[in-house]
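K.L.:
got a predicted structure plus its sequence, pasted below:
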Protein chains: 2
Amino acid sequence: MAKTKFYQHYCPVARALEVIGEKWSLVIVRDLLLRGPQRFSDLLRSEGGITPKWLTLRLRDLEAADIVERDSEAGRREVWYRLTDKGRDLAPVVESLAIWGIEHALPPPLPGEPLDPAQPTNAVAIVLNRRHVKLPHAATYVVSFAADRIYAIRFDGERWSVQRGDDEGDVRVETSPQEWVSFLLAPPEERRERAESMRIEGEPDAVREFVATVGWRRAPAQAPALQTVHA
Amino acid sequence: MAKTKFYQHYCPVARALEVIGEKWSLVIVRDLLLRGPQRFSDLLRSEGGITPKWLTLRLRDLEAADIVERDSEAGRREVWYRLTDKGRDLAPVVESLAIWGIEHALPPPLPGEPLDPAQPTNAVAIVLNRRHVKLPHAATYVVSFAADRIYAIRFDGERWSVQRGDDEGDVRVETSPQEWVSFLLAPPEERRERAESMRIEGEPDAVREFVATVGWRRAPAQAPALQTVHA
DNA sequence: CTGAATCCGACACGATACTG
DNA sequence: CAGTATCGTGTCGGATTCAG
């Protein structure tokens, strides 16, 4: 969506889309938001199927727009890319896209589809924060897919976040990406039975809380009022 | 961004972008959110420079994605397009794009640029709601550009909204789109002097409140804490 | 006059291969 | 590791045409 004849009309939405509306731009921003600073080849790998040519172009565009900063030290081969403040301010855009994607555009994964649990797991924190889900206490839920693929879903008393590499938690789950996503996709009343097939350790109360809290779907008919108040 | 090889990877953001990432899609949604149901030619006019061919294609795509509904009665010439619930749920996406656009991608309008005050005025409500700006009482500010281009910026005690066609308000402003946008773009401390050149009627207290409240820019260094908490 | 369809050219993008 | 180069395809802009 870029250089060729802009949207015309003086509108902040159109202006924003002129800057980050091209294909891949927001996916790159999402990656840098979630994973922190990344190298060229990290990005090449973590985005699905972008070609080096387009990654180069998009990174140059994002750099020119002051959304991404390039970090190349002399005498070091790697180049690191990280978000500027302006880029970090795109977090609400990425998060509202994630929410809408979860609620309206996320069918179960296809059988052969490559399935990286990083994005789905991070989406849990986004969903719980946006819905203002709070626990009466801090909590850490550790989800482990392999020795080097461990995520900690954490509630600090205020907000939810997801980090990597943690090992201690009130609940510890061992599962596969497929099982995990199927658990997250299940409506709340079905999550208990989906949880059966995962290996879960922890105090029974903590496990109950985990199953009741962590997931993408709302309880149906709990609050039918949509928040679509808009002029 | 469409049919040709999707983003791969199971990620709600990527999925959402596969559905509404093409050029014009979100601009069409923005228009239907702001102006309500529209006819084909209304959309053709209110978006800047989309061609009928692409408007047709995008509307078909949005219809297939269950974001837009087509309303064609037999024996009536016009076809009306309106958002479904799924489409209305895109409001947070459009609003966060508007916020980012205002804060990071909105230079003053170019001299000859066509300037429709509808989008800028609506953006005021989005900004004030997102920043949780509240007044101790309800209020209505009427901005008039011409006899048939009158907008009411209204605070109902909870949220801000913008409607058309109102004529009664605590404050009444008569101005041009250029003057109005230049007022909105000014930092809060400069708004008073920008307001001098507009014709403003109303109780002095109400006018002071209007000038102090309505605008796009934050007071500088008021709250330096950015809300960019994110994993 | 509204709601499109058609043809054509420009360029954004995808796939593969190759280089410093 | 971090890109370029080349080539083909798809998406989009612009103008024109057409039917109800």
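P.N.:
Arrived safely. Numbering: from 1, shown residues only, chains lettered A, B, ... in the order given.

K.L.:
low-confidence ranges in chain A?
P.N.:
A:1-5, A:221-231 (pLDDT under 70).

K.L.:
what do you get if the cut-off is 80, keeping everything else the same?
P.N.:
The model of chain A has pLDDT under 80 over residues A:1-8, A:73-77, A:110-114, A:166-167, A:219-231.

K.L.:
could I get the full set of strands for it?
P.N.:
Under the criterion DSSP state E, strands of chain A are mapped to A:38-39, A:68-71, A:80-83, A:139-146, A:149-155, A:160-164, A:171-174, A:199-202.

K.L.:
can you add distance to A:Arg208 and mean neighbour count and give those back as a markdown table?
P.N.:
C-beta here means a position set from N, CA and C on the backbone, and glycine is covered the same way. Shown next, in a markdown table, are the strands of chain A (distance: least, C-beta to C-beta, whole Å; neighbours: other C-beta atoms under 10 Å in any protein chain shown):
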| stretch | distance to A:Arg208 | mean neighbour count |
| --- | --- | --- |
| strand A:38-39 | 37 | 16 |
| strand A:68-71 | 43 | 16 |
| strand A:80-83 | 38 | 19 |
| strand A:139-146 | 12 | 20 |
| strand A:149-155 | 15 | 21 |
| strand A:160-164 | 18 | 18 |
| strand A:171-174 | 10 | 21 |
| strand A:199-202 | 10 | 15 |
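
K.L.:
DNA strand C is nearest to which of these?
P.N.:
Nearest of the strands of chain A to DNA strand C, taken as C-beta to the nearest atom of the strand: strand A:38-39 at 12.3 Å.

K.L.:
is chain B within reach of the closest one?
P.N.:
No - judged by C-beta under 8 Å from any C-beta of the partner chain, strand A:38-39 stays clear of chain B, getting no closer than 14.3 Å.

K.L.:
which residues sit against that strand?
P.N.:
A:Asp31, A:Leu32, A:Ser46, A:Glu78, A:Val79, A:Trp80, A:Tyr81, A:Arg82 (C-beta atoms under 8 Å, 6 or more residues apart in numbering or on different chains).

K.L.:
interface residues of chain A facing DNA strand D?
P.N.:
A:1, A:4-5, A:39-42, A:51-53, A:56, A:59, A:77-80 (C-beta under 7 Å from any atom of the strand).

K.L.:
quick one, which of those are buried?
P.N.:
A:Met1, A:Phe40, A:Asp42, A:Leu59, A:Trp80 (16 or more other C-beta atoms under 10 Å in any protein chain shown).

K.L.:
ok, those residues vs chain B, which is closest?
P.N.:
Taking C-beta to the nearest C-beta as the measure, A:Met1 is the one of these closest to chain B, at 4.3 Å.

K.L.:
contacts only, for the residue of chain A found nearest DNA strand D.
P.N.:
The nearest approach of chain A to DNA strand D comes at A:Glu78, 2.9 Å away (C-beta to the nearest atom of the strand). Neighbouring residues of A:Glu78 by C-beta under 8 Å, 6+ apart: A:Arg39, A:Phe40, A:Ser72.

K.L.:
of those, which are in range of DNA strand C?
P.N.:
Of these, not one also sits near DNA strand C (C-beta under 7 Å from any atom of the strand).

K.L.:
in TSV, list those along with distance to B:Ser182.
P.N.:
Shown next, in TSV, are these (distance: C-beta to C-beta, whole Å):
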residue	distance to B:Ser182
A:Arg39	44
A:Phe40	42
A:Ser72	41
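
K.L.:
nearest to B:Gly87, out of the contacts of strand A:38-39: which one, please.
P.N.:
The nearest member of those to B:Gly87, counting by C-beta to C-beta, is A:Asp31 at 27.4 Å.

K.L.:
could you check how far the closest one is from A:Gly101?
P.N.:
Using C-beta to C-beta, to the nearest Å, A:Asp31 is found at 15 Å from A:Gly101.

K.L.:
over to A:Glu203?
P.N.:
With C-beta to C-beta as the criterion, A:Glu203 and A:Gly101 are 33 Å apart.

K.L.:
many thanks, have a good one.
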